[in-house]
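*Asks:* Dropping a prediction and its sequence here:
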Amino acid sequence: MNRKILCGAGALGASLFAAMPAWAQDAAATPTIDKGDTAWMLTSTLLVFLMILPGLALFYGGLTRSKNMLSTMTQIGAAASFAMLIWVMYGYTMAFGDGGNAFVAGFGKAFLKGITPDSVSGTIPEYVFVCFQMTFAAITIALVLGSTVERIKFSAVMVFAAIWLTIVYFPIAHMVWAPTGYFFGLGALDYAGGTVVHINAGVSALVAALILGKRKGYPNEPMPPHSLTLTFVGTGLLWVGWFGFNAGSALSANGAASLAMINTFVATASAGLFWMLAERLAGHKGSALGFCSGVVAGLVAVTPAAGNSGPFGAIVLGAVASIICFFAVSKLKPMLGYDDALDAFGVHGIGGIVGAIGTGIVCSPALGGPGKADFSIGSQLVIQFEAVLATIVISTIGTVVAIYVAKAVTGLRVAPEVELEGLDIGEHGERAYN
């Protein structure tokens, strides 16, 4: 997953692609398990899971109205759980299996066939790698749901998740991160998921929201977050968990992980502060919600750049992404009139695009990045733009297919009276608060 072709090769001083992820190393080398790397990857996997439950569940849940708190958290937990089961059945083999082509891998590892406790991926047990990647698939589908909360049926979420993961997430993960993947071969830089996770989820969230339609009363009726306290707690859990997300993508306890860690610290800190500054410059007070939104925007933007930037490049990238995301949420959304309930597109989609393209700039050694001496910003930007555009197209088409199938099977949207009463009672028969 530590996608550092061209940018990080010089750091290890081997071949042109010396900084390839563990699963792309020379097959002739005798695989051995490193206990330190394994311990770090076990920890990183649990940190990413912490991002989902309870991190994202609290972050999103606090942003909804109180009558939809439990439904939001339940959708996240159930969709993530379903993604884990699908991953071990056929998702892993579609993304990282043997054979296949530049767009999807073969099915030789369906149901984890041939993988044992002795199987090795790089310097860690393959089961650990399977689990680490599994959490990425799980959180990506959960992120999409931020645009559709408060009106989508629980059954529709589950149908949508199965189809979307199959036709969108698994192929894009293969194309970007697998050694035989199309964008991997081109040299696209995506250290931990700017395209695969955030652009993918953000664009899909926008498409799903447009098809699903606006919430009843939006935008005329005020719909403020019911608990910014819970959102703030969720933000902290996301930030902590993101160190597993980014630094864990080194797949080793090494210098690359340390670079990803410091970049995740400083880009996020910069973004949180610059969002509040943007609020002040726009004539508002700097808010707790603004800080939380900026933190997530910074985390999103630094994801593809975590191991592909120097610390000061990461600071600039976080600041730029935060300001652009602020205007996407506060100006673009009202102007276009779409109801992206929790700003999944405005933060993850826009932030992912800024981060993915910006990575092609901050990787340059002239700007303090770890790129080789002959690194070309112009050439890399062309590749980054191509990867971004392809992800947008695949996400859009795949989401349209998945959401309309879910609509045909389940009806997609809850009845008006259920939406008015709240999905906690209408869909699950319980309340978050009594």
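*Replies:* Received the coordinates, thanks. Residues are numbered from 1 along each chain as shown.

*Asks:* nearest spatial neighbour of T135, skipping sequence neighbours?
*Replies:* V48 (3.9 Å; CB to CB, 6 or more residues apart in numbering). Bear in mind the C-beta positions are built from the backbone N, C-alpha and C, glycine included.

*Asks:* er, G202 actually
*Replies:* G349 (2.3 Å).

*Asks:* and that neighbour, how far is that from A366?
*Replies:* Going from G349 to A366 by CB to CB, to the nearest Å gives 29 Å.

*Asks:* Can you pick out the residue with more neighbours from the two?
*Replies:* For G349 versus A366, the count of surrounding residues by other CB atoms under 10 Å is larger for G349: 28 against 10.

*Asks:* Let's see the pLDDT reported for that one.
*Replies:* Per-residue pLDDT puts G349 at 99.

*Asks:* Just the CA trace of the helix or strand the residue nearest to T135 falls within, in CSV.
*Replies:* In this assignment (DSSP states H and E), V48 forms part of helix 35-50. Taking Å, rounded to 0.1, in the frame of the first residue of the first chain, the C-alpha atoms of helix 35-50 are listed here in CSV:
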residue,chain,number,x,y,z
LYS,A,35,8.5,-9.6,14.5
GLY,A,36,8.8,-5.8,14.8
ASP,A,37,7.0,-5.2,11.5
THR,A,38,4.3,-7.8,12.4
ALA,A,39,3.7,-6.1,15.7
TRP,A,40,3.4,-2.7,14.1
MET,A,41,1.0,-4.0,11.4
LEU,A,42,-1.2,-5.7,14.0
THR,A,43,-1.3,-2.4,15.8
SER,A,44,-2.0,-0.4,12.7
THR,A,45,-4.8,-2.7,11.7
LEU,A,46,-6.5,-2.2,15.0
LEU,A,47,-6.0,1.6,14.8
VAL,A,48,-7.8,1.7,11.4
PHE,A,49,-10.6,-0.4,12.9
LEU,A,50,-10.8,2.2,15.7
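
*Asks:* Show me the strands in this structure, by range?
*Replies:* 120-121, 124-125 (DSSP state E).

*Asks:* deepest of these, which one?
*Replies:* Sort these by mean neighbour count, taking mean count of other CB atoms under 10 Å, and strand 124-125 sits at the top with a mean of 22.

*Asks:* in its sheet, what does it sit against?
*Replies:* strand 120-121 (antiparallel) (DSSP bridges).

*Asks:* quick check, distance from the strand it pairs with to the centre of its chain.
*Replies:* Strand 120-121 sits 24 Å away from the centroid of its parent chain (CA atoms, centre = their mean, to the nearest Å).

*Asks:* Give me the average confidence score over that strand.
*Replies:* 97.

*Asks:* Just the helices from the stretch 201-350 of the chain, written as ranges.
*Replies:* Taking DSSP state H, counting those that start in this stretch as the criterion, the stretch 201-350 of the chain carries its helices at 228-246, 255-281, 288-302, 311-327, 333-336, 344, 350-362.

*Asks:* Give the other helices and strands that the shortest one contacts.
*Replies:* In terms of contacts (3 or more CB pairs under 8 Å, 6 or more residues apart in numbering; DSSP states H and E), helix 344 is packed against helix 200-212.
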